[in-house]
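1. Fold the stuff below for me.
(2 chains)
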Protein chains: 2
Amino acid sequence: MSASADGTITQFTPDANGCLPMLEHIDLDVRLSRRDYQQCMPELQARLYDMEQAVLEARVPVLVIFEGWAGTAKARMIGVLTRRLDPRGLRVHSITPPRTYEQQYPWLYRFWLKIPSYGQIALFDRSWYREMLAERTRGGDALRWRARCEDVVGFEHLLADDGAVVLKFWLHISAKEQARRFKRLLKDKLTAYQVTDEDRWQHRHYHSYAAVVEDLIARTGTPAAPWHVVPATDKYYARVAVTKTILAALEARLGRSTVALDAAAQSAGPDVAGAAFRRRGVNGLPPASAAPAEPAVGAPRILRGVDLSQQLDEKSYSRSLKRLQAQLHLLGLALYRQQRPAVLVFEGWDAAGKGGAIQRLTAEIDPRSYTVHAIAAPAGDDKLRHYLYRFWRRLPPRGQIAIFDRSWYGRVLVERVEGFARPDEWARAYAEINEFERQLADFGTIICKFWLHISPQEQLRRFEERQNVPYKAWKLTDEDWRNREKWPRYEEAADEMLLHTSTPAAPWTIVEAEDKRFGRIKVLHTVAQRLEAELGKVDL
Amino acid sequence: MSASADGTITQFTPDANGCLPMLEHIDLDVRLSRRDYQQCMPELQARLYDMEQAVLEARVPVLVIFEGWAGTAKARMIGVLTRRLDPRGLRVHSITPPRTYEQQYPWLYRFWLKIPSYGQIALFDRSWYREMLAERTRGGDALRWRARCEDVVGFEHLLADDGAVVLKFWLHISAKEQARRFKRLLKDKLTAYQVTDEDRWQHRHYHSYAAVVEDLIARTGTPAAPWHVVPATDKYYARVAVTKTILAALEARLGRSTVALDAAAQSAGPDVAGAAFRRRGVNGLPPASAAPAEPAVGAPRILRGVDLSQQLDEKSYSRSLKRLQAQLHLLGLALYRQQRPAVLVFEGWDAAGKGGAIQRLTAEIDPRSYTVHAIAAPAGDDKLRHYLYRFWRRLPPRGQIAIFDRSWYGRVLVERVEGFARPDEWARAYAEINEFERQLADFGTIICKFWLHISPQEQLRRFEERQNVPYKAWKLTDEDWRNREKWPRYEEAADEMLLHTSTPAAPWTIVEAEDKRFGRIKVLHTVAQRLEAELGKVDL
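-> Coordinates of the predicted model:
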């Protein structure tokens, strides 16, 4: 985008950031001082030792898997974790590409040989995911990828059914940080060998690799074996985050709770350890809980990094709007001619402008070819069935667009925060939703999902405006005020949702909607771009 | 086989029966008199009505699915079931091939629209399996078949997670019986229309169709949504069997137990209703329990229909043995050259002759190319891990044969009967084992599985012989005598195992081993046949 001196964007140009995997939106600027680290780590290590004994006693097998970008020092991480542990209860496996003799067996054979015994902890520096990722990132075909994902989901499920705790970490750094680390390693002859050809290849393909990882997390993240994405720019932060996540999971499994996590963190969500963490109060709202005595580490945060200062002036807005609406008109016709269905999902804060965006989006589309579904609490038939039923029955047929103003994501947002769904229910929903959207995508459905984002201050301004403008007053309910009080918990749920349900075939787009004009144009632009990518260019 | 006047087979020729799906080994000659039926059905229908009320009250959604051969009068079955029910709590869905408008949506869409509400019972005359079966039996490809199976497993699992009871019936008749029914229908102008082109096509392809059904049952039978195969030659028998299975499942789910089933039947196995049933005492042993007052219907029986009178004279035996051993020698070489692994599984009664058969099988195979694993109770490392670990680590590499004298099937045989595995554990094992063998088969492993079958009398004779012959005495333990007392429970477990784990890629072969010579030759012949089918003919 081109910005004038005062930060106002005068022309909306394709936003490179818009089409990045959600993984690349994670706030990686989380740190822990060396002092804090040194203060807390011995205590955490001692607790890990206690858990090792408890695990042995309870005969629970534990698998901890480290995957992540090259350069994230997985071996060092494992060194820190195991420093105080009794080596008799431990196995560390460093997974290389399969050797010749290992290729003589079905591909999971060599991993079966490495499963821990009852009471043992097995730590994997890379794992079965190494082979899958290598294959897929180098262009392996989709059906084989699906089969591999199902093989490992089955494998991990079977271990979990047998009582195992399975934890999977993705150590995450940015492409920039990776470059920095490679450079440092290469400067020294003694460490240069660590940067392999495979690593260089990965770096050159960082973005497409990230898209595959995102897909992997969606396909293989299950309540039985959840993925934990850990920001690893700062090693101290990463080590504490991993250790606390392991401790929390083991304590949850063994029914002990010596880890001081607040209530929310003990819910059974995929990111158990840190869900409760809040580094600082969200702008304009107090932190949800008092700062814990321990250094705070937590689930990866996405929304707090969003740049809400972006704006669009009236003239650029009108010009862009006209052009995009004309384009969408033609794309709607192309969609019909090509008999492809499309699903557009709108989620976001109350008063973030979902309705307004949808209005502008549909203005020039043939009214026979789209339907807007405003989703409130389920009623009637919908209330009497599985929560996905009401969305299945509202799916668009071929050639049609269905627009959901709120959606199935209510399961992991409002139903989670308000307690309408139990923790096991909403935790399970990520996998259910990913499977649902996979079926739609396999059918040929074009899927866009938007999170319309504003600041709490802006929300307050809009609420007050609604209150004062008679013809807008109906939009504001007491519930809106109540929801506002739960902002931090909604943000936590939204962050987790964005990370665990973004896939290449059904990506989330975060829309900076503080400025309504900017937000609307970004929505229209994203839809147009995606439809064009799927349907081919249309001539204006 | 060619048999002489005294029933002795003088020459072993390919046994057409040997390569049939296990489905075709089910004893279909189970009947119920009209009088018995009329006596018990009103009572069963009344109990079903009570359950309908209980289901409504407990808000449990129930799906009952009827699949089966054309000509099994599924609609009549549904008529009988629903006769006394309150229609408000019921929905009956007759599933046709997808209509044009339904093809506008992802394939499960039309089934989602038909899921019952909480407390409702939905009965399906055909279901999502109709489309899948049609596609696969007409040559649809394997990866698509796998994907479809996983779609429905996911769908049923998701409903079960939401509290639904899902029951799937396969109404089973023989090809002969199907021909008889078609003929009867065609004779009358008023009913002739019922025999469709699709039905005729199915009948012409009965055997290959049965192989697909067997595969389907293995791939989609789960603890959450088990398949029940019901012998349907006799309509009275089938109706009572279905009704009792539904009653037992609902009562298990709702925690009521008004159905008079004996203890074994209440275990959570895939064939809940009839597991306890014993139509008559097994030869030479008393029935496991006193005959129930109600007419007896139960899980499909396989082993009791086995013809144990087959014999082979000494001369034919020697001749066949030499030829087969020479052939196996060459096939072993071909296996090595083609780098295919093979897995041969031997299960069966104590003293059925597993060891002797394995000895003859391996006599002329290069000793470097096979390994015999005698599987006893797990010990050491094996005991400390998932039950499949000890088999994974004994898998053959490419080009090698692994022979298992007892195997992973111990999970659903000895561990089930002796209570070493909990009902939920062994019930889950069918799916786990099918998945395990699927992975082996996908890798290219050639799999044969044998059940060596003898009568209890023959076992007794062999036990006594062992007792009296000093060099054989070590083979006989107290445990053998104890197991013998549990014959009916082992037979029940074996029947269920044979039915639920036989697949086209990993078929079971029942070996009539009453005559050792006959049994051994059948084993060698089957292995040779299968290896030749996979590796190509070898020249003797």
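2. only C-alpha atoms for contact and neighbour calcs from this point on.
-> Will do.
3. Is residue A:43 in a helix, a strand, or coil?
-> helix (DSSP: H, G, I helix; E, B strand; the rest coil).
4. Give me the distance between it and chain B.
-> 31 Å (CA to the nearest CA, to the nearest Å).
5. Quick one, grab the pLDDT at that residue.
-> Per-residue pLDDT puts residue A:43 at 94.
6. Next, count neighbours for it.
-> Using other CA atoms under 10 Å in any protein chain shown, residue A:43 has 11 neighbouring residues.
7. Who are the contact partners of it?
-> If you count contacts by CA atoms under 8 Å, 6 or more residues apart in numbering or on different chains, residue A:43 has none.
8. Same question for the one 4 residues further on.
-> The contact partners of residue A:47, taken as CA under 8 Å, 6+ apart, are residue A:247.
9. Quick check: pLDDT value at residue A:261.
-> pLDDT, residue A:261: 40.
10. One more: residue A:485?
-> For residue A:485, the pLDDT comes out at 89.
11. Any idea how many residues pack against residue A:142?
-> Residues lying near residue A:142 (other CA under 10 Å) number 10.
12. Domain-wise, how is chain A divided?
-> A:28-300, A:335-512 (automatic domain parsing).
13. among the ones you listed, which gets the worst mean confidence?
-> Going by mean pLDDT, the lowest-scoring of the domains of chain A is domain A:28-300, which has a mean of 87.
14. got the end-to-end distance for that domain?
-> Domain A:28-300 stretches 8 Å from its first residue to its last (CA to CA, to the nearest Å).
15. tell me how far that domain is from the chain's mean position?
-> Centroid separation for domain A:28-300 versus its chain: 15 Å, with CA atoms, centre = their mean, to the nearest Å.
16. One more: stretch A:368-383?
-> For stretch A:368-383 - counting by CA atoms, centre = their mean - the centre lies 26 Å from the chain centre.
17. Can you give the contact residues for it?
-> Contacts for stretch A:368-383 (CA under 8 Å, 6+ apart): A:332, A:336, A:362, A:389-390, A:394, A:399-407, B:117.
18. 6 Å - rerun?
-> Here stretch A:368-383 makes contact (CA atoms under 6 Å, 6 or more residues apart in numbering or on different chains) with A:390, A:400, A:401, A:402, A:403, A:404, A:405, A:406.
19. for stretch A:448-459, same thing?
-> Contacts for stretch A:448-459 (CA under 6 Å, 6+ apart): A:344-348, A:352, A:508-514.
20. Just the terminal-to-terminal distance for stretch A:463-479.
-> End-to-end distance of stretch A:463-479 (CA to CA): 12 Å.
21. Now do the buried residues in it.
-> Of the residues in stretch A:463-479, A:463, A:466, A:467, A:476 count as buried by neighbour count, 16 or more other CA atoms under 10 Å in any protein chain shown.
22. try stretch A:420-430
-> A:421, A:423, A:425, A:426, A:427, A:428, A:429, A:430.
23. ok, which residues in the stretch 401-540 of chain A are in contact with chain B?
-> Counting by CA under 6 Å from any CA of the partner chain, the stretch 401-540 of chain A comes close to chain B at residue A:443.
24. rerun at 8 Å
-> Taking CA under 8 Å from any CA of the partner chain as the contact definition, the stretch 401-540 of chain A meets chain B at A:432, A:439, A:440, A:443.
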